[in-house]
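Chemist: this one's structure only:
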Ligand SMILES: [Zn+2]
């Protein structure tokens, strides 16, 4: 096997938190900085669905069409008109996410991976592992392995022959609210438990098969910061992410590593959220100067590293019967709708 790379998505990892916690493994990376979204989102709150789609396709939001986890750009004119005035709408209007709500009104249906007819970075690089990357349900075929990320009605795997084996070990993100609409007691501990299951599954996957590119996303920080401002818990989550990444790097022993976040988080209690997304404080860090400044740069940088060419970005896969209703209820559960 030629070169191997480990990419770890620290969803929601924030520049100021990382400076504060001085993490052992992360702190040993020689290169890094702020990673901004594409220009359109640099002054707008980006969500994880749009961000990870750009990060893994190298295409802009206008090209891939995923403006939010909850909505596709179906009417470009309406979206452009709205976007010419959207920044006049307060982000936080009496504790409500007014601008996000208004944007939702000009968008079309909730996207699934079927609505993104483009190659991801793991289609350009053979023998790749894509693990829990947001908006990869239903997963599309590669010659490697894909485990679907949030939102997924149930964890789905390509190749399908691995699906039962994966489901025995991991059944996706925990639900957040109880029947009364309150955050479930035990949710925070479940987030840590889920993270451990994800970590152990990746360790087992890389033990049974060699991959060139490993693209693994953990949503622990994002989910946790949405619901808490408890300093001790937040620090524990960052240390957990650091230890997990160190363990993956030890197990894979890659030639190079890249850590990326899709956005930072800032404290601004609003609606069902304690921290909200901050598009200006996402990060990247790595073992080499990856030359990435925005989300648009990540896929081209990885493809080039492996000596491949992007060429035609389209990917046509047969339409599946993705279970949209269950995906919608997962978004509602996390407060996205
Ligand atoms: Zn995110």
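Modeler: Now that the structure is in, tell me what you want to look at. Quantities reported herein were computed from a predicted structural model and do not represent experimental measurements.
Chemist: When you work out contacts or count neighbours from here on, use the C-alpha atoms and nothing else.
Modeler: Will do.
Chemist: Is any residue of stretch 210-220 near the ion?
Modeler: No: Stretch 210-220 stays clear of the ion (CA under 5 Å from the ion), getting no nearer than 7.0 Å.
Chemist: Can you give me the end-to-end span of that stretch?
Modeler: 26 Å (CA to CA, to the nearest Å).
Chemist: Find the nearest non-adjacent residue to whatever residue of the stretch 1-150 of the chain ends up closest to the ion, please.
Modeler: Residue of the stretch 1-150 of the chain nearest the ion, by CA to the ion: residue 48 (3.8 Å). Setting aside the residues directly before and after it, residue 48 is nearest to residue 262 in space (CA to CA, 6 or more residues apart in numbering), at 6.5 Å.
Chemist: residue contacts, that neighbour?
Modeler: Residues counted as contacts of residue 262 (CA atoms under 8 Å, 6 or more residues apart in numbering) are 9-13, 35, 37, 48, 51-52, 55, 282-283, 295.
Chemist: Kindly recompute the last result at 10 Å.
Modeler: 9-14, 35-37, 46-52, 54-55, 222, 277-279, 281-284, 294-295 (CA atoms under 10 Å, 6 or more residues apart in numbering).
Chemist: next one: residue 107
Modeler: 65-68, 70-76, 78-79.
Chemist: Which of these fall in strands?
Modeler: Among those, DSSP state E puts 66, 67, 68, 71, 72 in strands.
Chemist: who's in contact with the residue nearest to the third one when sequence neighbours are not counted?
Modeler: In other words, residue 68. Using CA to CA, 6+ apart and skipping the chain neighbours, the partner closest in space to residue 68 is residue 50 (5.4 Å). By CA under 10 Å, 6+ apart, the contact list for residue 50 reads 37, 41, 60-61, 64-72, 134-135, 262.
Chemist: same thing but at 7 Å, please
Modeler: With contact set as CA atoms under 7 Å, 6 or more residues apart in numbering, residue 50 has these partners: 61, 66, 67, 68, 69.
Chemist: What confidence value was assigned to residue 153?
Modeler: pLDDT for residue 153: 88.
Chemist: Please verify my assumption that it contacts residue 326.
Modeler: Yes: Residue 153 is within contact range of residue 326, at 5.2 Å (criterion: CA atoms under 7 Å).
Chemist: Compare those two and say which is more crowded by neighbours.
Modeler: More crowded of residue 153 and residue 326, by other CA atoms under 10 Å: residue 153, with 21 against 14.
Chemist: any idea which of the contacts of residue 107 is least confident?
Modeler: For the contacts of residue 107, the pLDDT minimum is residue 70, 89.
Chemist: how about the nearest residue to it once chain neighbours are set aside, phi and psi?
Modeler: Setting aside the residues directly before and after it, residue 70 is nearest to residue 110 in space (CA to CA, 6+ apart), at 4.5 Å. Main-chain dihedrals, residue 110, degrees, to the nearest 10: phi -70, psi 130.
Chemist: Please apply the same query to residue 265.
Modeler: Torsion angles, degrees, to the nearest 10, at residue 265: phi -130, psi 140.
Chemist: right, and it touches residue 280 too?
Modeler: No: applying CA under 7 Å, one finds residue 265 not in contact with residue 280, separated by 9.2 Å.
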